[in-house]
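Peer 1: Take a look and give me a structure for this.
(2 chains, ligands or ions: 2)
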Amino acid sequence: MQVDWSIIPGFIPQLIEGAKVTIYITVLGLIGGIIIGLIAGLMRAYGGKIINAIAFTYIELIRGTPIVVQVMFLYFALPVLANIRIDPMSAAILAIMVNAGAYIAEIVRGAFLSISKGLTEAGLAIGMPHWKVLVYIVGPLAFRRLIPPLGNQFIVSLKDTSLFIVIGVGELTRTGQEIMAANFRAVEIWTAVAICYLILTGTMTIALRFIEKRMRIL
Amino acid sequence: MSFIEFRKTLKKFGELTVLQDVDLSIDQGEVVVLVGPSGSGKSTLLRCINGLETISGGDLIVDGLSVKGGNRQLREIRQEAGMVFQQFNLFPQMTALQNVALGPRKVRGVAKAEAMRQAEDMLAKVGLSDKGGHYPSELSGGQQQRVAIARALAVKPKVMLFDEPTSALDPELKQEVLNVMLQLAKEGMTMVVVTHEMSFAKQVGTRLIFMEHGKIAVDGNPRDVIDNPPNPRMKDFLSHVE
Ligand SMILES: Nc1ncnc2c1ncn2[C@@H]1O[C@H](COP(=O)(O)OP(=O)(O)OP(=O)(O)O)[C@@H](O)[C@H]1O
Ligand SMILES: [Mg+2]
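Peer 2: Numbers count the residues shown, from 1 in each chain, chains lettered A, B, ... in the order given. Ligands and ions are numbered 1, 2, ... in the order given. Predicted coordinates:
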C-alpha cells in the first residue's frame, strides 16, 4: 500500500473535533487536579498526624496504580459498589482530576517545604498568623518553584487522556482509531494524530516558558 | 512584675535539655547581652520569649502574657517582641519598603498608603531612605540586616530580640548594624541581644548574662564581668571571642 499524505486534509475536521474533546477533558481535569493537589499538598506539608496520613494514603493509592485502572474503576466498579452511575466523559474528567491531584500534591508539598524555614519564622515573629504567612510570604515564593514541575504534569495529564480510549471517550486517539478502522491508512492517520498532540503539548510548553520568564525565579 | 519573666523555664528537644529551670527577670529599658559557648542555649532562650520555640515546663511571661496562653496570646506577644535573625530572613519577593510595611498592614491593620509612609520613616531611621525600592538581593548584608531591624520596629514592639545580628556579616559591615543598635539602646528600647561584640556590651549593655549548658552561669554588669570574669570558663570564653 502506498503512503498518500494527500488524504489527511479530508480528516482534519474530525481530528479537530477529537482534539477539542482532549482539551476539554484536560482543562477541566487539571482545574480540579490543581484544587485537589493544593489541598492535599498543604495537608501533607502542614497537617497534623491524621490529616497528613489521609493525604498520604490518597497520594500513594493513586501513584501506585495505573490511570487506566483508575478510570476503569470509576466507570465500571463505582456503579456496582456505590450505585453511582457516570458517563464516560465525566469518568475521564474525574480520573484526570484525581490522578493529577495526587502528583500535584507532591509538587505543592515540595515547593512549600523548599522555602526556607527562616522566612516563615520571620513572618510569625512580626505577629502574623500562620495562614497569613502562607498566603503572603511562603505561597508566592512556592508558586514560582511550582511552575516548572507543574508544567510537566500538565503535559503528562494531556497525554494520559489518550488512555480513555478504553472507556470509549471520543478524544483525539479514539478519533484516530475510528478513522483508521474505516480506511486502514495507519501511517498517515497516526502521523497526523501525533502531530496534533505535538501541537497541543508544544503550545503548553511555550506558554509555560513565557510565564516562567515573566516571573523572576527567586 | 517584670516585663519578661522566666519562671523555672524548661526547654527540651526530645531527650536533650536545652534550658534547665531558668529563672530570669528583665525590666523595661534594660539592654541584656547574652553570651556563651555554642550550644549553651542562647538562641533557644531568645526564641522561647516570642514563642518560636514552645517551652516544655515552667512558665514564661511577657508583658503579663504567658507564652502558654494559646495562639492569639502568642501573636500579641510577638507584636510586642520584635526579632532580628542572624540570616536576616528578608522576604525576597518584596522590596525593602514592602518588607517593612508588611507587618503594619497584615498585623496592625494599617492601610497600605499609611503603612508605606511609616515604612519610609523606618528606613530613614536605619539610614536607608534611598533603598526603599530595592529588593533584598540588591542590598549588601549590612543593608539587609538594617532593613530587617526596620521591619521588626515597624510593628512597634516594646522589646527587641537580636540573635547574633552581625555574625553573618563581613567585618567592615558589622559596624553599620551595630550603630543602629546602639542608637536604639540610647533611645531606651528594651533589648535582649545574643552577640560576641563585647564593645557593644560595654557601651550600652546594662546587663551581661553568660550561659552554660542551659543555665545562667553569670549575670552582672557588663563592664565588671567582662574585665573580671567571675567564672573561669567565662574567662576562657571571652579570651576566644576577643
Ligand atoms: N530544633 C532543634 N531540634 C533539636 N535540637 C535543637 C534544636 N534547636 C537547637 N537544638 C539544640 O539545642 C542546643 C542549644 O541550641 P541553641 O541554638 O540554643 O544554642 P546557642 O547557644 O544559640 O548556640 P550557637 O552559639 O551555636 O548559636 C544545641 O545542642 C542544639 O543542637
Ligand atoms: Mg544561636
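Peer 1: Who is B:Arg207 paired with across the strands?
Peer 2: B:Val32 (DSSP bridges).
Peer 1: so who does it touch?
Peer 2: B:Arg207 sits next to B:Ile26, B:Glu30, B:Val31, B:Val32, B:Val33, B:Asp219, B:Gly220, B:Asn221, B:Pro222 when contact means C-beta atoms under 8 Å, 6 or more residues apart in numbering or on different chains. For the C-beta atoms, the positions are set from N, CA and C on the backbone; glycine is no exception.
Peer 1: just those now: which is nearest ligand 1?
Peer 2: For the contacts of B:Arg207, the closest approach to ligand 1 (C-beta to the nearest ligand atom) belongs to B:Val33, at 13.4 Å.
Peer 1: what's the distance between A:Tyr2 and A:Ile8?
Peer 2: Heads up, residue A:2 is Gln, not Tyr. 14 Å (C-beta to C-beta, to the nearest Å).
Peer 1: Which one of these two is surrounded by more residues?
Peer 2: A:Ile8 (16 against 4; other C-beta atoms under 10 Å in any protein chain shown).
Peer 1: Give me the nearest residue to the more buried one, chain neighbours excluded.
Peer 2: A:Ala192 (5.2 Å; C-beta to C-beta, 6 or more residues apart in numbering or on different chains).
Peer 1: next structured bit after the helix or strand harbouring A:Gly32?
Peer 2: Here A:Gly32, judged by DSSP states H and E, is contained in helix A:12-46. Scanning forward in sequence from helix A:12-46 by DSSP H and E, the next helix or strand is helix A:49-63.
Peer 1: which SS state does the spatially most central residue of chain A fall under?
Peer 2: Closest to where the C-alpha atoms of chain A average out (C-alpha atoms, centre = their mean) is A:Ser157, at 3.7 Å. Using DSSP: H, G, I helix; E, B strand; the rest coil, the secondary structure recorded for A:Ser157 is helix.
Peer 1: separation between the residue of chain B most remote from its centre and chain A?
Peer 2: Relative to the mean C-alpha coordinate of chain B, counting by C-alpha atoms, centre = their mean, the farthest residue is B:Ala113 (28.4 Å). Applying C-beta to the nearest C-beta, to the nearest Å, the value for B:Ala113 to chain A is 18 Å.
Peer 1: Secondary structure element holding residue 211?
Peer 2: Chain wasn't specified; assuming chain A. helix A:186-214.
Peer 1: meant chain B actually
Peer 2: According to DSSP H and E, B:Met211 maps onto strand B:207-212.
Peer 1: Kindly list the longest helix within chain B.
Peer 2: helix B:171-186 (DSSP state H).
Peer 1: Can you mark which positions in that one are buried?
Peer 2: By neighbour count with 16 or more other C-beta atoms under 10 Å in any protein chain shown, helix B:171-186 contains the buried residues B:Leu173, B:Lys174, B:Glu176, B:Val177, B:Leu178, B:Val180, B:Met181, B:Leu182, B:Leu184, B:Ala185.
Peer 1: Setting aside sequence neighbours, what's the nearest residue to residue 162?
Peer 2: Picking chain A for this. In this structure, A:Ser162 finds its nearest non-sequential neighbour in A:Thr173, 3.9 Å apart by C-beta to C-beta, 6+ apart.
Peer 1: actually chain B
Peer 2: Using C-beta to C-beta, 6+ apart and skipping the chain neighbours, the partner closest in space to B:Phe162 is B:Val193 (4.3 Å).
Peer 1: so the one you found sits right up against B:Val33, yeah?
Peer 2: Yes: using C-beta atoms under 8 Å, B:Val193 is in contact with B:Val33, at 5.2 Å.
Peer 1: For those two, list the residues in contact with both.
Peer 2: Shared contacts of B:Val193 and B:Val33 (C-beta under 8 Å, 6+ apart): B:Phe200, B:Gly205.
Peer 1: contacts for the helix or strand of chain A with the lowest mean pLDDT?
Peer 2: Least confident helix or strand of chain A, by mean pLDDT, DSSP states H and E, is helix A:78-82 with a mean of 89. Helix A:78-82 is contacted from outside by A:Ile84, A:Arg85, A:Ile86, using C-beta under 8 Å, 6+ apart.
Peer 1: Looking at the residues you listed, spot the one nearest ligand 1.
Peer 2: A:Ile84 (47.3 Å).
Peer 1: The lowest-mean-pLDDT helix or strand in chain B versus strand B:207-212: what angle between them?
Peer 2: In chain B, the helix or strand scored least confidently by mean pLDDT, DSSP H and E is helix B:232-241, which has a mean of 90. Our comparison of helix B:232-241 with strand B:207-212, counting by axes from the mean of the first three to the mean of the last three C-alpha atoms, to 10 degrees, yields an angle of 100 degrees.
Peer 1: Off-centre distance for helix B:232-241?
Peer 2: Helix B:232-241 sits 23 Å away from the centroid of its parent chain (C-alpha atoms, centre = their mean, to the nearest Å).
Peer 1: now swap in stretch B:215-229 and tell me
Peer 2: 19 Å.
Peer 1: Give me the buried positions along it.
Peer 2: B:Lys215, B:Ile216, B:Ala217, B:Val218, B:Pro222, B:Val225, B:Ile226, B:Pro229.
Peer 1: And stretch A:32-43, by the same measure?
Peer 2: Buried residues in stretch A:32-43 (16+ other C-beta under 10 Å): A:Gly32, A:Gly33, A:Ile34, A:Ile36, A:Gly37, A:Leu38, A:Ala40, A:Gly41, A:Leu42, A:Met43.
Peer 1: will you turn those residues into JSON lines that also has distance to chain B and pLDDT?
Peer 2: As requested, the buried residues of stretch A:32-43 are arranged in JSON lines below (distance: C-beta to the nearest C-beta, whole Å; pLDDT from 0 to 100):
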{"residue": "A:Gly32", "distance to chain B": "28", "pLDDT": "98"}
{"residue": "A:Gly33", "distance to chain B": "26", "pLDDT": "98"}
{"residue": "A:Ile34", "distance to chain B": "21", "pLDDT": "97"}
{"residue": "A:Ile36", "distance to chain B": "26", "pLDDT": "98"}
{"residue": "A:Gly37", "distance to chain B": "22", "pLDDT": "98"}
{"residue": "A:Leu38", "distance to chain B": "19", "pLDDT": "96"}
{"residue": "A:Ala40", "distance to chain B": "24", "pLDDT": "98"}
{"residue": "A:Gly41", "distance to chain B": "20", "pLDDT": "97"}
{"residue": "A:Leu42", "distance to chain B": "18", "pLDDT": "96"}
{"residue": "A:Met43", "distance to chain B": "19", "pLDDT": "97"}
